[in-house]
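**Student:** Structure, please.
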Amino acid sequence: MEEEILDILEEEELEEDDFQIPDFLKETSSEEDIHRRMLDELPEDLDKSEGGYVYDLTRPTAIEVARMKEFELVEALKLIWPRFAEGIYLDYHAETRGLERKEAINAVGKLHIEGKTGTLIPEGTIFTTESIHDEPEKEYETLEAAEIIEDVNGVGSVDVSIQSVEAGINGNGAANTVILQEDLIEGIMSVTNPEPISGGMEAEDDDSFRERIMEYDQTQGDSFIGNVSDYKRWALSVEGVGSATVIPPQGDDESGIIRIVITDANGENASQELCQMVEDYIMQPDNPENRLAPVNAIVKVVSQQDMPIIISAVVKLKDAKIETVKEDFQNGLKNYLKNTGDDGEIRYTQVCKVLGNTAGVYDYTDLVIGLADTQEVQTSVAGEKNIPVTPECIPVIQSITLTEG
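**Tutor:** Numbers count the residues shown, from 1 in each chain. All right, here's what the predicted structure looks like:
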């Protein structure tokens, strides 16, 4: 047990953000040391040899005390600080600061229903997608009561607002996939969703929530009268917002307009509705007494615009299929691209790192990244140049071409 714990603690070298184990937990806390001290406290006339009654009776206690000191107490101490806390304990830290974890959001869309004129569809009626292979069907409920209106020959249609029963990104779906009734209603002939169902987002994860808590702590000395930190904190507190970049008036701009560029919680373009929610939260047009922004400030919230990226490389694989490698590389690249707005550029070396760390990639050559609209590419031959990213843009992957070599 001792060796296993030491392996865990020494698996990686300590970095700046790693938890430093207190000395009193490091010293003489192994099960051997503890057991030896326990035996030393017993009378000398007892048989303390290994395998004896006294030895076997005290050994389990030494093991449990060592586990507590080497693992459980360490984990308990980490919960004291937000930077190491997780789950509900991170929520407790947030609660003392007046912050809340952003909840998951249901995906929403429209359902087109055809059937006999006069057919009533109650609010909360469930419609589903098909179950394909091992994937279960997705359930959607109507948000309003509706009635099929006559079109011709006693047959008509109606459009109904729906939302996913389960909140989260899984509720998002492609067009024309919600085609089944779970709650069978006589008179309905067909259903479908002409447009994709979107807007579903996961609850705020520990990493982003922790970042908000720590940013809150770091800004406690700020004025809270409308500086950049204030606007960013206000925008990020709105459910569904993933990132926010504040752009105050520049140079000779005397308009007083504060521009806030946001993405949604999935790192994608924010909808107009989400932008308006953030703007209303900060400006409070219907409740001026609750306005967060200073009286003379004007706030405009916009979504980042797509910056399409093309990527190609020749890869040498090891025990992997090209399709799986491409999918894993794309997921890793998406996570990296989310943070490039803060850096102001897409770093060629970081893209190399993502590809090199992708499972199944043994080696690679001829990695090319570029902008799809201009076809300006940055290659190792061209000096491994980085691609600038402005706050108004969000890099998105338009295409990835991986060729086995």
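**Student:** what's the burial count for residue 204?
**Tutor:** Burial of residue 204 is recorded as 23 neighbouring residues (other CB atoms under 10 Å). Where C-beta positions appear, they are placed from N, C-alpha and C, glycine not excepted.
**Student:** any idea how far the closest residue to it other than its chain neighbours is from residue 20?
**Tutor:** Distance criterion CB to CB, 6 or more residues apart in numbering; nearest residue to residue 204, sequence neighbours excluded, is residue 102 at 4.0 Å. The spacing between residue 102 and residue 20, counted by CB to CB, to the nearest Å, is 31 Å.
**Student:** what about these two, which has more around it?
**Tutor:** residue 102 (22 against 7).
**Student:** Could you pull up the residues touching the more buried one?
**Tutor:** 203-204, 209, 237, 239-241, 265 (CB atoms under 8 Å, 6 or more residues apart in numbering).
**Student:** Make a ChimeraX selection of the buried ones in those residues.
**Tutor:** Buried residues among these (16 or more other CB atoms under 10 Å), as a ChimeraX selection:
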select :204,209,237,239,240,241,265
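**Student:** if you look at the contacts of residue 102, which of them are in helices?
**Tutor:** Per DSSP state H, helices hold the following members of the contacts of residue 102: residue 209.
**Student:** ok, the contacts of residue 102 vs residue 150, which is closest?
**Tutor:** residue 240 (38.7 Å; CB to CB).
**Student:** Pull the contacting residues for that closest one.
**Tutor:** 102, 105, 199, 201, 264-265, 270, 274, 277.
**Student:** Save those as a markdown table, and put in pLDDT too.
**Tutor:** Below are the contacts of residue 240 laid out as a markdown table (pLDDT from 0 to 100):
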| residue | pLDDT |
| --- | --- |
| 102 | 91 |
| 105 | 93 |
| 199 | 91 |
| 201 | 91 |
| 264 | 88 |
| 265 | 86 |
| 270 | 90 |
| 274 | 94 |
| 277 | 94 |
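**Student:** Filter the residues you listed down to just the ones in helices.
**Tutor:** Per DSSP H, those map to helices at 274, 277.
**Student:** Narrow the contacts of residue 240 to just the buried residues.
**Tutor:** 102, 105, 199, 201, 264-265, 270, 274, 277.
**Student:** Take these and keep only those in strands.
**Tutor:** residue 264 (DSSP state E).
**Student:** Spatially central residue for the protein, please.
**Tutor:** In the chain, the centroid-proximal residue (CA atoms, centre = their mean) is residue 205; its distance is 5.5 Å.
**Student:** Against residue 78, how distant is that residue?
**Tutor:** 18 Å.
**Student:** Residue 201 now?
**Tutor:** Distance from residue 201 to residue 78, by CB to CB: 28 Å.
**Student:** which of the contacts of residue 102 lies closest to residue 146?
**Tutor:** residue 240 (26.5 Å).
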